[in-house]
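Colleague: the following block contains a protein sequence and its predicted model.
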Amino acid sequence: MNVEPISERDVVLATRNAGKVRELSQMLVPHGLRVIALDEFDAPDVEESAPTFVENALLKARSAAAATGLPTIADDSGLEVDFLDGAPGVYSARFAGPEATDEENVASLLRAMAGIRGSARSARFRCAAVYLPHPLHSSPVVCQAHWEGIVLDAPRGDGGFGYDPIFLDPASGLSAAELAPQDKNRISHRAQAMRALVSALATAAARPLDS
């Protein structure tokens, strides 16, 4: 482990997803939080076995906090497609199988949506973000947000990760993968949830973050 001395504003990001680490760092660093990737530690992987985004985020946060001894921020997020009754939902990262790549998940979803047109392709990204000062803390900060959009017929753009290339943001007319990072980090589900989380922590700033 190669980590600099810890400050009260250091937090571990409970994810090994490089794209998510990059995105969350861009969102959190301007608010005075120094983020440390989970890969800096010898931490176990967590099976995301819970039925909701909030519960899965808490599973990851408690595991990371226990392994690192540091305050932890975790999120669980995914794509809910109305035509598929909310699928892939919490199974977004493994829609095409347990070891599926982003490209395989996207292809699987496009096959499931073949022939579906117009408003029937409505969907949303949903995110649950949690802050946990230590693994046994009984009152984690939990914030949730969503981003409404449409599932495209084919991938567009080369930015982002996951389902970004096939998620159309109606306001801009761009896919999430076509949006400039600063724009995506302003309007996305994860950005909204993280802003709410930072705001909640700022409200509690009169007491230590690990209280």
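Modeller: Sure thing, it's come through.

Colleague: please make it C-alpha for all contacts and neighbour counts, starting now.
Modeller: OK.

Colleague: all helices of this protein, in order?
Modeller: Along the chain, the segments classed as helices by DSSP state H run 18-28, 53-68, 102-112, 181-187, 189-203.

Colleague: show me what the lowest-mean-pLDDT helix or strand in the chain is packed against.
Modeller: Least confident helix or strand of the chain, by mean pLDDT, DSSP states H and E, is helix 18-28 with a mean of 84. Helix 18-28 sits against strand 34-37, helix 181-187, helix 189-203, with contacts defined as 3 or more C-alpha pairs under 8 Å, 6 or more residues apart in numbering; DSSP states H and E.

Colleague: on that earlier part again, closest to Tyr163 out of the helices of the chain?
Modeller: helix 102-112 (6.0 Å; C-alpha to C-alpha).

Colleague: and stretch 90-99, what's buried?
Modeller: Buried positions in stretch 90-99, judged by neighbour count with 16 or more other C-alpha atoms under 10 Å: 90-93, 95-96.

Colleague: what separates the first and last residues of it, distance-wise?
Modeller: By C-alpha to C-alpha, to the nearest Å, the extent of stretch 90-99 from end to end equals 15 Å.

Colleague: what mean pLDDT does that stretch have?
Modeller: On average, the pLDDT along stretch 90-99 is 95.

Colleague: chain center to it, what's the gap?
Modeller: Mean-position distance between stretch 90-99 and its chain equals 15 Å (C-alpha atoms, centre = their mean, to the nearest Å).

Colleague: quick one: contacts of that stretch?
Modeller: 51-53, 76-79, 88, 100, 102, 104-105, 108-109, 162 (C-alpha atoms under 8 Å, 6 or more residues apart in numbering).

Colleague: ok, stretch 35-51 next?
Modeller: With C-alpha under 8 Å, 6+ apart as the test, stretch 35-51 has contacts from 1-3, 10-16, 21, 25, 28-29, 56, 59-60, 63-64, 67-68, 90.
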